[in-house]
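*Asks:* sequence and predicted structure, then a few things I'm wondering about:
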Amino acid sequence: MSDEPSDPDGGATPGVNPATSHYFDTHAGGLATERRVELFLPDLSLALATSSGVFSADGIDVGTKILLAEGGLPSPTARRIADVGCGYGPIALALATRAAEAHIWAVDTNDRARELTVLNAQRAGLSERITVCSPDQVPGDLVLDEIWSNPPIRIGKPALRELLTLWLNRLGPAGRAMLVVQKHLGADSLVSWMNDEGWSARRVVSRRAYRILEVTRSTPPTLDQGDDR
């Protein structure tokens with residue numbers, strides 16, 4: 001894979017692998033040259049290793065930073081939280097830092113992204129509370145209290161809806177998902193679709209053309225909780 005500029009509008013890809021040579025790919029090609037980026041938030045700061053072949057390798061994505069800076073904190077009662085499309089781990093590590101009683105599932109299709117998340121968790125002393133895995137390694141019976149994600153909007157509407165349906169159906173009865181989506185990439189239509197599908201979705205923050213969306217259950221799931229494929 002060429003070391004092309006990172007795409008500020010997309011997101012790391014949890015479970016969908018388009019036929020493009022980009023950070024969506026399962027196997028990142030090219031030479032992995034480690035870089036360092038900094039995540040600064042009011043309550044924490046993290047130094048993170050990145051490299052070519054992963055999402056937003058040159059710096060923390062704007063949407064990710066807005067989600068972490070303005071999306072509030074995980075619920076104090078949350079014990080199982082997923083970062084869907086973890087990339088090199090900024091959301092997962094922030095969640096693990098903020099939710100000391102929770103275990104974080106950091107999920108990504110990209111091998112190099114997962115390797116970097118493992119490395120970053122080790123360096124931050126958070127390895128014991130973060131499980132890094134590919135989508136097919138997630139236990140079929142895993143029920144989540146929360147999902148936090150900068151979802152991969154550019155994979156296309158059908159694939160994105162399939163992806164969100166799969167993960168939202170892992171939420172427990174009182175669970176919620178916090179998503180960040182650019183307005184011009186369909187944030188408002190995504191809210192409408194989720195509400196039409198029986199979820200309760202609402203915009204909680206609007207900042208710099210980004211929307212932070214909160215999604216909770218309003219009806220029982222239509223898919224079996226154990227169906228993780």
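*Replies:* Arrived safely, thanks for sending.
*Asks:* what's the longest helix in the protein?
*Replies:* The helix that spans the most residues within the chain, counting by DSSP state H, is helix 111-124.
*Asks:* how about residues contacting the helix or strand following that one?
*Replies:* Per DSSP states H and E, helix 111-124 leads on to strand 130-133 as the next helix or strand towards the C-terminus. The list of residues contacting strand 130-133 from outside it, by CB atoms under 8 Å, 6 or more residues apart in numbering, reads 86, 89, 92-93, 96, 103-108, 114, 117-118, 121. C-beta here means a position set from N, CA and C on the backbone, and glycine is covered the same way.
*Asks:* repeat that for stretch 57-68.
*Replies:* In contact with stretch 57-68 (CB under 8 Å, 6+ apart) are residues 5-6, 8-9, 11, 23, 35, 37-39, 41, 48, 50-51, 55-56, 88, 90-91, 94, 148, 150, 178-182, 205, 207-208, 210, 212.
*Asks:* from the contact counts, what lies against whatever helix or strand T165 lives in?
*Replies:* In this structure, T165 sits in helix 157-168 according to DSSP H and E. Judged by 3 or more CB pairs under 8 Å, 6 or more residues apart in numbering; DSSP states H and E, helix 157-168 is in contact with strand 80-84, strand 144-149, helix 187-196.
*Asks:* redo that, cut-off 10 Å
*Replies:* Packing contacts for helix 157-168, counted by 3 or more CB pairs under 10 Å, 6 or more residues apart in numbering; DSSP states H and E, involve strand 80-84, strand 144-149, strand 171-182, helix 187-196, strand 199-207, strand 210-217.
*Asks:* of all those, which one is nearest G156?
*Replies:* The closest approach between G156 and any of those, judged by CB to CB, belongs to helix 187-196 at 12.7 Å.
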